[in-house]
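Asks: need the 3D shape of this:
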Amino acid sequence: MGKLSVIVLSKNNSRTIGYCLKSILSAKIPRGYEREIIVVDARSTDGTQRILDKFKGKIKVVYDEGRGIGIARNIGIKHSSGDIICFVDADAIVGRDHFINIVKRMHDADIIDVRSGFKGIEQYIYSKPAELEIEVWRHGRAYSKRMLKNRAFAGGSFISFKRNVIRRVHGFWHYPPFGADDLDFSYRAYISGYKIDVVTVDDSISIPRHSLPELFKQQYSWGRGYAYIISKYRNDPRFWRAYKYSNIVTRLFGRFTWLYVILRLLLAPLGAIILAFSTRRTEIIFYWIVRRYTFLLGLLVALKPAMKYYSLS
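Replies: Numbering: from 1, shown residues only. Below you'll find the model as predicted:
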C-alpha cells in the first residue's frame, strides 16, 4: 500500500482554507493508496484556527513561526510519511481527479506541476481582477509548448514529487522568506537528473486575488523572491537555457542574461498589447502593465541584497 501526503501551507487564509480542505477530502485517491493531510499554519490570527478545528480527526496541524515559505514546506515534509508528497496552497481548490492524475503521471516522472483546465471554476471568480488574472494564466508563457518541452520548473501551488527527490535535493531553501522556493527546488532537482512533467486537471485552481491591493502584495512578494533566484543562478547558463530564451539573447547578454529579465518587465506595455490581441480584451492592458511593474518593483528592491547574499555565500 502506498501513502499520499497532502501538505497545505496556511497563513491567515480563513477565507479559503475551508474550501481547500473540503476539496482535498472530496478528491479521489488512487487505488492502493492511503492519504494523510497535514496543515502547516504560520500562527494565523484571522480565524483560521477556528476553521481547522472543524476538521479535527481528519487532518494533522503543525505550526511554524512564519519564517518563510521554504521553511514551512520543509516542516510539512518532516511531519509527513508518504512516499508521494503533494503540496496544495491554502487558497487553492483541487479537482476530483487531482491526485489520481498526479500519481498516474508519476509512473514516468519524479516531479509534477499541475495546470488548471479552467472548467467549473466560475464560482471562485467574482471580481474583475480575478477574472483578468485567469485570462493571464490561460494565455501565459509558463505552459506554452516551448516551456513544456524538457521542463525544468514546477509551480508551487500544486507541486508534487516522490519522497526520494527530497533526499537528493535536500529540501526547499530557507532564505529568502518569500516566493521562488518552488522554482529553486524544481530546478535543483532537474539538474540532478529528475524528470519534471505537467498534468492538466480541469477543476483544480489556485484562486486568484480578488482586489488590486491583494494583487499588488502578491506580485511585489513574488518579485522579491525572483530577485533571489536570478541572483543565485545568474552565472549558470543551464538556468537560462531552461527558460527557453533564444540563443541570440543568451549570446548577446552572456553572464548578464539576468538583465534581460528586467528588460522584458520594462517592456510590459508591449506585452500588454500582445496579450490584449490574444484575449480580445482591451481592459487587460492596464491590468497587465500594473501587474508586471509591481513585480518589477519587488525585484528591483530586493536585487541588491540578493546579489550581495549570493556573492558572500
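Asks: dump the host helix or strand of residue 39 to PDB, keeping only the CA atoms.
Replies: In this assignment (DSSP states H and E), residue 39 forms part of strand 33-41. Provided in PDB are the C-alpha atoms of strand 33-41 (Å, rounded to 0.1, in the frame of the first residue of the first chain):
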ATOM      1  CA  TYR A  33      -3.100   4.400  -1.600                       C
ATOM      2  CA  GLU A  34      -4.000   5.900   1.800                       C
ATOM      3  CA  ARG A  35      -4.000   9.700   2.400                       C
ATOM      4  CA  GLU A  36      -2.700  11.900   5.200                       C
ATOM      5  CA  ILE A  37      -3.400  15.700   5.300                       C
ATOM      6  CA  ILE A  38      -1.000  18.000   7.100                       C
ATOM      7  CA  VAL A  39      -1.600  21.700   7.500                       C
ATOM      8  CA  VAL A  40       1.400  23.800   8.300                       C
ATOM      9  CA  ASP A  41       0.000  27.000   9.900                       C
END
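Asks: centre of the chain to that strand, how far?
Replies: 19 Å (CA atoms, centre = their mean, to the nearest Å).
Asks: could you look up the next helix or strand downstream of that strand?
Replies: helix 48-53.
Asks: avg pLDDT for that following helix?
Replies: Here helix 48-53 scores 95 as its mean pLDDT.
Asks: so what does whichever helix or strand comes after it touch, helix or strand wise?
Replies: Proceeding N to C from helix 48-53, the next assigned helix or strand is strand 60-63, under DSSP H and E. When contacts are defined as 3 or more CB pairs under 8 Å, 6 or more residues apart in numbering; DSSP states H and E, strand 60-63 sits against strand 33-41. Backbone N, C-alpha and C define where each C-beta goes, glycine included.
Asks: again, 10 Å this time
Replies: Packing partners of strand 60-63 (3 or more CB pairs under 10 Å, 6 or more residues apart in numbering; DSSP states H and E): strand 2-10, strand 33-41, helix 48-53, helix 69-78.
Asks: tell me what angle the last one forms with strand 2-10.
Replies: If I follow you right, that is helix 69-78. If you take axes from the mean of the first three to the mean of the last three CA atoms, to 10 degrees, helix 69-78 sits at 150 degrees to strand 2-10.
Asks: okay, now the sheet partners of the helix or strand following helix 69-78, with direction.
Replies: Downstream of helix 69-78, the first helix or strand assigned by DSSP H and E is strand 84-89. The pairing partners recorded for strand 84-89 under DSSP bridges are strand 2-10 (parallel), strand 160-162 (antiparallel).
Asks: appreciated, that's everything.
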